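1. here is a sequence with its predicted model. Questions after.
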Amino acid sequence: MDFVLNNGATVLLILAGVLIGFGALLGLFRGFKRAFIRFLTVAIAFFGSLFACRYFLTNTERVLNHPWTQKLLGLLKITFLDQLKEQVPDAYELLIGLPVAILSPIVFTALFIVAAFVLEIVSMIIGFFAGPKHSFRLLGGVIGAVQGAVVTVAIMVPLCGLLTNAVSAIDTIEEEKDDRYNVAAVDQLAGYKEQMLAISDAPIYQLVDKYAGTPICNSLMRYEVDGKEVNIKDETDNVACLYAHSFPLIGTDIKSYTQDQIGAMNDLVDDIDKSELFPRLIAAILNAAGNAWDGGDEFFSIRAPEVSDEFTNVMKELYGVLKASSAEDDAHTPTGMPAGRSVVANDFQTLVDLMDVFEKHGVFPIIDDSDAMKDKLSNDPTLVPDIRTVLRANDRYAAVCDALESAVIKAVVANYVDIPETDSPAYVEYHQMTTAIADALNGVDNADLQAFFNDPDQFIGTDVQSALDDNPDVGIDSAMLDIAKDLLADALAQDETLKAKLEDPDQTITAEDIEAFLAAMNNGDN
């Protein structure tokens with residue numbers, strides 16, 4: 001194999017010389033008429049094989065429904081494919097067409113060889129009745145040489161398709177690399193590329209590839225699913241980009257993520273959006289996962305993530321987002337994101353932006369430490385607002401954000417509130433605090449209502465903080481109150497009773513309303 005790779009240009013030249021020379025000798029021996037008949041059968045085998053592959057292999061439905069395909073898949077007994085077909089049928093069609101399209105040039109050559117051999121018998125029968133065998137030998141030799149050239153092209157087509165795509169992929173990786181990437185891995189690929197170029201730079205290869213190899217492979221190396229076409233040449237470059245941009249993520253524990261990993265994921269979003277295959281494949285997988293987990297089922301033997309009771313609604317809303325994932329262009333482009341992206345790409349971008357918030361706030365090193373995470377939420381007054389900003393920018397995550405805010409209040413904020421019995425001495429101090437909150441909210445008139453939801457700090461900050469300073473035994477940490485302001489504004493807007501009173505100037509919010517709201521938070525009712 002090393003000899004072939006290192007002497008590829010010579011091997012190709014010898015192969016072409018042998019096939020063309022042998023064809024010329026046969027043509028001289030047969031004469032013009034019989035050589036021409038054989039040339040016609042070879043041409044029929046060539047274009048017939050091309051047409052058959054183009055018609056059959058580029059349509060995934062035809063491939064999947066063919067009895068031979070079913071028998072082959074049955075013999076292979078690949079459990080993963082069976083699971084994929086059962087759980088993600090859309091992804092199954094997309095993936096099963098991929099190897100077929102990649103190998104289609106090889107199938108074309110194999111089919112041509114079989115057809116040419118069978119038609120040789122036909123040409124011999126026709127040639128028997130075609131007249132003298134040795135007439136116009138020189139012209140027959142020319143026709144035979146052309147026939148040999150056709151055979152040479154048919155044999156070299158797979159090499160043109162696979163080698164050209166491989167070189168293009170390595171070129172893409174080299175263009176995308178920077179100091180974040182694994183230099184050793186790229187250098188190794190460069191070594192492979194040097195061997196490939198020794199073949200692809202050969203004049204005989206260039207000639208065949210330019211006039212036959214590239215057009216034929218571009219015609220064959222594609223497939224259609226649900227009326228949309230996947231082009232292997234384009235997807236090869238997209239996979240190369242994904243490979244290059246994945247370097248900072250490979251082998252890196254999430255606890256060690258830095259801006260290098262965030263930058264790499266931003267690049268991956270762009271790669272996904274350039275592809276026809278990836279958004280459809282990811283959307284199909286997310287849809288299936290969301291449906292399975294929302295129904296309490298496993299997805300490829302993976303159970304839904306287990307969360308505490310407070311975050312159950314968050315996961316429910318998240319499953320809804322997964323189920324509605326789509327490869328179509330996003331009709332409502334999230335704030336700050338480029339127009340024309342697919343829904344999946346925008347969702348992925350939201351995830352990356354969220355991880356950027358985590359990295360900047362130092363969340364990754366403590367992501368698996370629940371106590372440290374609780375302290376982080378309690379003592380970092382801008383973390384939760386930054387999370388809210390990211391989620392609110394994408395309309396699809398609005399319900400997730402609502403549920404998350406409610407969960408945070410239940411899990412963190414409300415737990416800081418020690419709700420006393422109404423007949424206890426501590427209730428007097430607690431009632432003073434809830435009265436201060438009610439008074440602050442009642443001070444928000446209709447004109448300032450939206451401003452209250454956008455910036456509750458200016459409305460409930462001073463009065464409530466003063467009440468807490470006067471009543472330190474109530475049990476709310478002042479840092480927690482800073483975090484709670486934005487969250488409470490949203491939670492209050494979702495509470496039907498309080499919202500109705502907020503929006504009705506003739507109604508007044510009472511301390512008892514606030515106490516009922518906080519009690520519901522503690523009991524998990526909101």
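-> Structure's in. What do you need? Numbers count the residues shown, from 1 in each chain.

2. residue ranges with poor pLDDT in the stretch 201-350 of the chain?
-> Within the stretch 201-350 of the chain, the stretches falling below the threshold (pLDDT under 70) are 305-311.

3. how about the strands in it?
-> For the stretch 201-350 of the chain, strands defined by DSSP state E, counting those that start in this stretch occupy the ranges 222-225, 228-231.

4. by contact count, what packs against the first one?
-> In other words, strand 222-225. Where contact means 3 or more C-beta pairs under 8 Å, 6 or more residues apart in numbering; DSSP states H and E, strand 222-225 is packed against helix 60-65, helix 89-128, strand 228-231. For the C-beta atoms, the positions are set from N, CA and C on the backbone; glycine is no exception.

5. picking that back up, figure out which of the strands of the stretch 201-350 of the chain is closest to Tyr55.
-> Taking C-beta to C-beta as the criterion, strand 222-225 is the member of the strands of the stretch 201-350 of the chain that comes nearest to Tyr55, at 11.4 Å.

6. buried sites along that closest one?
-> Under the neighbour-count criterion of 16 or more other C-beta atoms under 10 Å, strand 222-225 has 222-223, 225 buried.

7. looking at the residues you listed, which one is closest to Thr109?
-> Distance to Thr109, by C-beta to C-beta, is smallest for Arg222 among the buried residues of strand 222-225, at 17.5 Å.

8. so who does the closest one touch?
-> Applying C-beta atoms under 8 Å, 6 or more residues apart in numbering, one finds that Arg222 lies in contact with 58, 101, 229-232.

9. looking at those residues, spot the one nearest Ala16.
-> Taking C-beta to C-beta as the measure, Ala16 lies nearest Ile232 of the contacts of Arg222, at 25.9 Å.

10. give me the nearest residue to that closest one, chain neighbours excluded.
-> For Ile232, ignoring the flanking residues on the chain, the nearest one in space by C-beta to C-beta, 6 or more residues apart in numbering is Met221 at 3.9 Å.

11. counting neighbours, what do you get for that neighbour?
-> Residues near Met221, counting by other C-beta atoms under 10 Å, number 24.

12. rewinding a little: okay if I get the buried residues of strand 222-225 as TSV plus distance to Arg388?
-> TSV is the format used below for those (distance: C-beta to C-beta, whole Å):
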residue	distance to Arg388
Arg222	44
Tyr223	43
Val225	39
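
13. ok, Met373 to Leu404 distance?
-> Applying C-beta to C-beta, to the nearest Å, the value for Met373 to Leu404 is 14 Å.

14. same question, Asp439
-> 29 Å.

15. again with Ile387
-> Between Ile387 and Leu404 the distance is 8 Å, computed by C-beta to C-beta.

16. ditto for Glu86
-> 33 Å.

17. so for the two, which residue has more residues nearby?
-> The neighbour count for Glu86 versus Leu404, taken as other C-beta under 10 Å, is higher for Leu404 (23 against 10).

18. so the more buried one makes contact with Val314?
-> Yes - the pair Leu404 and Val314 passes the contact test of C-beta atoms under 8 Å, sitting 5.1 Å apart.

19. hmm, back to that, for Arg34, which of the strands of the stretch 201-350 of the chain is the nearest?
-> It is, among the strands of the stretch 201-350 of the chain and with distance given as C-beta to C-beta, strand 222-225, at 38.4 Å.

20. contacts for stretch 341-348 next, please.
-> For stretch 341-348, contacts defined as C-beta under 8 Å, 6+ apart pick out 268-269, 272-273, 279, 282-283, 286, 321, 324-330, 333-334, 337, 349, 394, 396.

21. among those residues, name the buried ones.
-> Under a neighbour-count criterion of 16+ other C-beta under 10 Å, the subset of the contacts of stretch 341-348 counted as buried comprises 268-269, 272-273, 279, 282-283, 286, 321, 325-327, 330, 333-334, 337, 349, 394, 396.

22. and the strand or helix carrying Gly21, average pLDDT?
-> Element membership of Gly21, judged by DSSP states H and E, is helix 8-30. pLDDT averaged over helix 8-30 equals 82, rounded to a whole number.

23. could you give me the buried positions within that helix?
-> Applying a neighbour-count criterion of 16+ other C-beta under 10 Å, the buried positions in helix 8-30 are 8-9, 11-12, 16, 19-20, 23-24, 26-28, 30.

24. and the contacts of that helix?
-> Contacts made with helix 8-30 from outside it, assessed by C-beta under 8 Å, 6+ apart, are listed as 4, 35, 38, 127, 133-134, 137-138, 140-149, 151-152, 155-156, 195, 198-199, 201-202, 204-205.

25. buried subset of those?
-> With burial judged by 16+ other C-beta under 10 Å, the buried subset of those is 35, 38, 127, 137, 140-149, 151-152, 155-156, 198-199, 202, 204-205.

26. just the residues you listed: which are in helices?
-> Counting by DSSP state H, these place 35, 38, 127, 137, 140-149, 151-152, 155-156, 198-199, 204-205 in helices.

27. okay then, goodbye and thanks.
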